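Visitor: predicted model follows, preceded by the sequence.
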Amino acid sequence: FFFFFFFSFDIFFSCSEWMVKAAVQVFVRTRPTDKFSSECLQLADDGKGLQVQLRTKKKKEEVVNNKQDKYSFKYDGVLHNCTQEALFQQVGQGCVKSVLDGFNGTIMAYGQTGAGKTYTMSGGTDFKQRGVIPRTLAHLYNEISNKPEQSFSVRISYMEIYNDKIYDLLASPSAGADSDLAIQEDSKLGIVVRGLSTFTADQEADALGLFFEGNSNRAIAAHQMNIGSSRSHTVFTIFLSSRSRVESDGQTAYSKLNCVDLAGSERVSKTGSEGTILKEAMHINKSLSFLEQLVIALSSSTRDHIPYRQSKLTNLLKDSLGGNCKTAMVANIWPEEVHIDETVSTLKFASRMMRVTNDITMNVTVDPEAQIRKMAKEIAELKSELQMQNQLHGKSHIMYDEEFTDDERFDLQKQVRSFVDGQTNELQVKSLRQVHEMFRAFKGLVETAELQAARLSNEPSSEAQQNRVKSAKPVKPSDEGVGEVESGGGFGIGLAIPAKVEKQTKEVTRRPLVSPTKPAKESLVEPEQAIQPPDRNQAFETFKQGDGSSFADALQHSQELLKEKKQVFKELAQQVNHHKLNIEHCRKKVAMKQMLQDDDDDVVDAEYFTALAQLKEEKNHYRRVYEDLQAVKKDRETEARFVEQARQKLLLEFGEWYHSTFGQEIAAHSAIMPPIRGATSPTEKPFHRSGEDVLDAGERFDLMEEQKLMLNDPESSAFYHAKKHAAVFRQAAGGRTAAPQWKR
């Protein structure tokens with residue numbers, strides 16, 4: 001009983017290290033407004049609760065009204081007039097840390113339309129107004145850069161649920177961006193969307209670019225309460241996998257972070273929706289009703305059935321609600337008296353959400369091949385340690401990797417025979433392998449004795465006994481080798497420790513940076529002019545042809561390479577512009593054919609199909625050329641740095657050579673040298689440099705913009721670059737398409 005009790009406790013304790021039950025964290029955020037209803041809403045001093053007082057209209061008749069008009073709520077935090085940075089610190093940082101540790105996470109925003117859900121998740125146009133998703137990406141890549149001992153892989157996906165259908169926000173039209181995707185459950189990854197495109201993002205700018213590109217494809221419309229109302233639920237997912245670069249245990253931790261921006265619930269009487277917007281509102285309210293039913297079922301301990309499959313939204317959030325995920329929700333409210341009913345509804349939903357618990361488990365997989373390699377390495381290390389111990393105790397002849405030879409088996413069998421016959425009183429045990437061989441020898445002697453006893457009693461032995469005796473008969477010593485095998489021991493030679501081979505180091509005499517002073521007869525000036533130093537420009541040309549020829553050749557070679565890169569960059573830029581014009585022409589042609597195409601006709605005519613094919617082909621050409629352009633741009637920047645380094649090296653060597661050669665003349669006349677690089681006085685003149693690297697207008701503007709960003713806020717560089725790139729690409733390509741440099 002006690003053994004079973006302690007064994008069960010051990011199992012429970014080990015499992016609890018990997019599985020944790022945690023409730024959903026809920027935060028309430030108030031939308032900033034100058035019409036804050038302080039009479040209806042009272043915030044608690046601890047920043048975690050609030051009270052709601054409803055105003056009831058009194059009727060003329062003396063009728064008893066039992067409707068509840070006062071509510072008190074308690075949450076993990078109430079964020080009133082909260083900044084985006086403060087909200088992320090309370091809500092997002094914990095989820096990002098869990099994802100880096102191998103746990104799944106979800107951050108969702110819930111509330112009525114116009115309450116600030118999209119602003120909370122995506123943010124505004126300014127860098128300081130970034131929402132949860134951009135700040136999550138920045139914090140994630142910052143943490144990854146601080147962990148060089150681990151290797152990370154980041155993949156991004158972005159989808160929306162529009163009218164209860166799932167669409168890929170990062171898929172191109174040719175990949176079926178307008179087709180409804182299906183949900184399936186994977187044993188390893190949990191809930192996944194079949195056919196959803198994922199892109200690798202090695203840098204923060206790549207991930208932000210994907211996020212901005214997906215935002216441009218979202219369904220947005222305007223009504224009376226919100227000029228930019230989201231008409232769909234969106235899910236931005238970050239897939240993360242990590243493994244150690246130091247340890248070879250073969251363990252890989254994988255996790256995902258879902259950033260869910262739910263569409264707001266609407267009252268048609270307030271929004272005035274009609275037509276398509278009314279249809280969208282019906283689907284939004286219906287999916288949110290199913291979500292509330294799911295939360296009620298999860299918060300109840302008596303419910304057996306959980307209605308996950310009522311809608312695409314509830315099925316997609318199966319991991320986030322009640323599954324393997326650490327979930328945090330931000331309930332956005334509009335604290336004005338006119339929206340008090342919607343506020344109470346949101347707060348009730350948030351209270352129910354706090355009763356939902358998830359089973360959080362660390363997601364770790366083990367590579368069998370890596371485990372085998374690790375165990376083989378440990379075995380080899382243990383054998384080496386045993387071999388070292390044996391050498392220290394005078395047993396260097398004991399080996400652990402090799403099998404017994406025929407000669408060794410013959411010697412061992414002779415020792416066992418001597419022990420059985422009483423010639424020796426003990427057998428020296430040297431290793432476990434020797435013990436196994438001794439037992440085999442004893443077994444052979446016993447079977448031989450049984451067979452001889454059977455023959456003496458004239459009893460036929462069985463075929464199995466004869467086979468065992470044949471297999472166990474003594475092994476004769478091999479004829480290989482010189483000399484006779486003596487009975488008894490001898491001594492073991494052991495293994496000689498390999499001598500260390502000393503590496504012959506060859507001293508390399510480097511050429512001094514400063515050349516020795518030349519004699520007067522080799523001076524560049526005539527003897528009668530020796531008291532006056534030569535002109536620096538003439539001396540510079542002489543230096544480039546003489547002692548500084550290697551540095552001058554390196555500079556010239558770098559300048560030629562830079563010139564070639566600039567020419568290639570110019571040609572690719574012209575090709576990119578050409579493909580942009582072709583794409584615009586094909587798009588207009590497709591739009592014209594689409595207008596002429598009958599909506600009821602499902603068959604596409606040949607001209608319309610040809611126009612679509614041309615548009616697709618031009619976009620593919622544009623992507624390929626644009627990728628080449630970006631690669632050449634990086635090479636051009638690298639070559640420009642090499643040119644500058646070579647120039648600096650040449651000027652530095654010349655300055656040292658000039659001082660060492662003509663130092664006496666300069667000191668005699670107290671001459672002020674012309675500057676090597678950059679004049680600091682009005683009398684100084686710069687050198688003439690051939691092949692000067694001159695930036696064009698666009699490069700100068702980009703350089704000025706980059707310097708301004710780095711001066712004001714260095715962390716905003718990736719944000720603005722990704723946003724600029726998304727805007728440029730959207731203007732050039734348009735439609736539902738992903739940026740070309742991101743690898744699927």
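Guide: Cool, got the structure. Numbers count the residues shown, from 1 in each chain.
Visitor: C-alpha from now on. contacts and neighbour counts both.
Guide: Noted.
Visitor: for the one helix or strand Ala646 maps to, packing partners?
Guide: According to DSSP states H and E, Ala646 maps onto helix 606-669. Using 3 or more C-alpha pairs under 8 Å, 6 or more residues apart in numbering; DSSP states H and E, the elements in contact with helix 606-669 are helix 536-545, helix 549-596.
Visitor: beyond the helix or strand bottoming out on mean pLDDT in the chain, next helix or strand please.
Guide: Using mean pLDDT, DSSP states H and E, the weakest-scoring helix or strand in the chain turns out to be helix 2-16, at a mean of 36. Per DSSP H and E, the first helix or strand lying C-terminal to helix 2-16 is strand 19-23.
Visitor: distance from the chain centre to that following strand, please.
Guide: In terms of C-alpha atoms, centre = their mean, to the nearest Å, the centre of strand 19-23 is set 25 Å apart from its chain centre.
Visitor: likewise stretch 180-189?
Guide: 22 Å.
Visitor: so for it, mean pLDDT?
Guide: Across stretch 180-189, pLDDT averages out at 81.
Visitor: mind listing what's buried along that stretch?
Guide: Leu181 (16 or more other C-alpha atoms under 10 Å).
Visitor: okay, it in CSV with CA atoms only?
Guide: C-alpha atoms of stretch 180-189 as CSV (Å, rounded to 0.1, in the frame of the first residue of the first chain):
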residue,chain,number,x,y,z
ASP,A,180,-13.3,28.8,-47.8
LEU,A,181,-10.8,26.9,-45.8
ALA,A,182,-11.6,23.9,-43.5
ILE,A,183,-10.6,23.3,-39.9
GLN,A,184,-9.0,20.0,-38.8
GLU,A,185,-7.4,18.7,-35.6
ASP,A,186,-3.8,17.6,-35.5
SER,A,187,-2.4,15.3,-32.8
LYS,A,188,0.7,17.4,-32.5
LEU,A,189,-0.3,21.0,-33.4
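Visitor: got the contact list for Phe540?
Guide: Applying C-alpha atoms under 8 Å, 6 or more residues apart in numbering to Phe540 gives the contacts Phe654.
Visitor: how close does it sit to Phe642?
Guide: 21 Å (C-alpha to C-alpha, to the nearest Å).
Visitor: could you give the number of residues near the nearest residue in space to Lys544 that is not next to it in sequence?
Guide: Excluding the flanking residues, the one nearest Lys544 by C-alpha to C-alpha, 6 or more residues apart in numbering is Ala552, at 5.7 Å. By the measure other C-alpha atoms under 10 Å, the count of residues near Ala552 is 21.
Visitor: quick revisit: Lys48 is nearest to which of the helices and strands packed on helix 606-669?
Guide: helix 549-596 (54.0 Å; C-alpha to C-alpha).
Visitor: so where do the helices sit in the stretch 151-300 of the chain?
Guide: Counting by DSSP state H, counting those that start in this stretch, the stretch 151-300 of the chain has helices at residues 204-215, 268-271, 276-299.
Visitor: which helix or strand contains Lys723?
Guide: helix 717-732.
Visitor: where exactly do the strands run in the stretch 301-450 of the chain?
Guide: Here the stretch 301-450 of the chain has its strands, by DSSP state E, counting those that start in this stretch, at 326-333, 357-361, 364-366.
Visitor: most tightly surrounded among those strands?
Guide: A comparison of these by mean neighbour count, using mean count of other C-alpha atoms under 10 Å, puts strand 326-333 on top with a mean of 26.
Visitor: only C-alpha atoms, please: export it in PDB.
Guide: Taking C-alpha atoms only, strand 326-333 is exported to PDB below (Å, rounded to 0.1, in the frame of the first residue of the first chain):
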ATOM      1  CA  LYS A 326      -2.500  30.200 -21.900                       C
ATOM      2  CA  THR A 327      -5.200  32.700 -22.700                       C
ATOM      3  CA  ALA A 328      -5.700  36.300 -21.900                       C
ATOM      4  CA  MET A 329      -8.700  38.400 -22.900                       C
ATOM      5  CA  VAL A 330      -9.100  42.200 -23.100                       C
ATOM      6  CA  ALA A 331     -12.800  43.300 -22.800                       C
ATOM      7  CA  ASN A 332     -13.200  46.700 -24.400                       C
ATOM      8  CA  ILE A 333     -16.100  48.800 -23.100                       C
END
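Visitor: hmm, back to that, could you save the helices and strands packed on helix 606-669 as a markdown table and add columns showing mean pLDDT and distance to Ile133?
Guide: Converted to a markdown table, the helices and strands packed on helix 606-669 look like this (pLDDT from 0 to 100; distance: least, C-alpha to C-alpha, whole Å):
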| stretch | mean pLDDT | distance to Ile133 |
| --- | --- | --- |
| helix 536-545 | 82 | 56 |
| helix 549-596 | 84 | 31 |
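Visitor: any chance of those helices in a markdown table, plus distance to Gly105?
Guide: A markdown table is the format used below for the helices and strands packed on helix 606-669 (distance: least, C-alpha to C-alpha, whole Å):
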| stretch | distance to Gly105 |
| --- | --- |
| helix 536-545 | 63 |
| helix 549-596 | 41 |
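Visitor: how about those helices, which one is nearest Thr302?
Guide: Nearest of those (C-alpha to C-alpha): helix 549-596, 56.1 Å.
Visitor: so which elements touch that closest one?
Guide: Against helix 549-596 (3+ C-alpha pairs under 8 Å, 6+ apart) you get helix 536-545, helix 606-669, helix 717-732.
Visitor: what angle separates that helix from helix 536-545?
Guide: Using axes from the mean of the first three to the mean of the last three C-alpha atoms, to 10 degrees, the direction of helix 549-596 lies 90 degrees away from that of helix 536-545.
Visitor: what is the burial count for the closest residue in space to Val429 that isn't next to it in sequence?
Guide: Closest residue to Val429 apart from its sequence neighbours, by C-alpha to C-alpha, 6+ apart: Val435 at 6.8 Å. For Val435, the neighbour count with other C-alpha under 10 Å is 14.
Visitor: now do the helices in the stretch 1-150 of the chain.
Guide: 2-16, 84-100, 117-121, 132-145.
Visitor: quick one: mean pLDDT over the shortest one.
Guide: For helix 117-121, the per-residue pLDDT values average out at 93.
Visitor: neighbouring contacts of that helix?
Guide: Residues contacting helix 117-121 (C-alpha under 8 Å, 6+ apart): 84, 109-111, 131-133, 230, 259, 261-262, 264, 332.
Visitor: can you pull out the strands in the stretch 151-300 of the chain?
Guide: Under DSSP E, counting those that start in this stretch, the stretch 151-300 of the chain gives strands at 165-168, 182-186, 190-194, 199-200, 220-221, 229-230, 233-244, 251-261.
Visitor: buried residues, the last one. List them.
Guide: The reference is to strand 251-261. 251-261.
Visitor: okay if I get these as a markdown table plus pLDDT and distance to Phe27?
Guide: Converted to a markdown table, these look like this (pLDDT from 0 to 100; distance: C-alpha to C-alpha, whole Å):
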| residue | pLDDT | distance to Phe27 |
| --- | --- | --- |
| Gln251 | 82 | 35 |
| Thr252 | 87 | 33 |
| Ala253 | 89 | 29 |
| Tyr254 | 89 | 27 |
| Ser255 | 92 | 24 |
| Lys256 | 93 | 21 |
| Leu257 | 94 | 18 |
| Asn258 | 94 | 17 |
| Cys259 | 95 | 15 |
| Val260 | 95 | 15 |
| Asp261 | 94 | 15 |
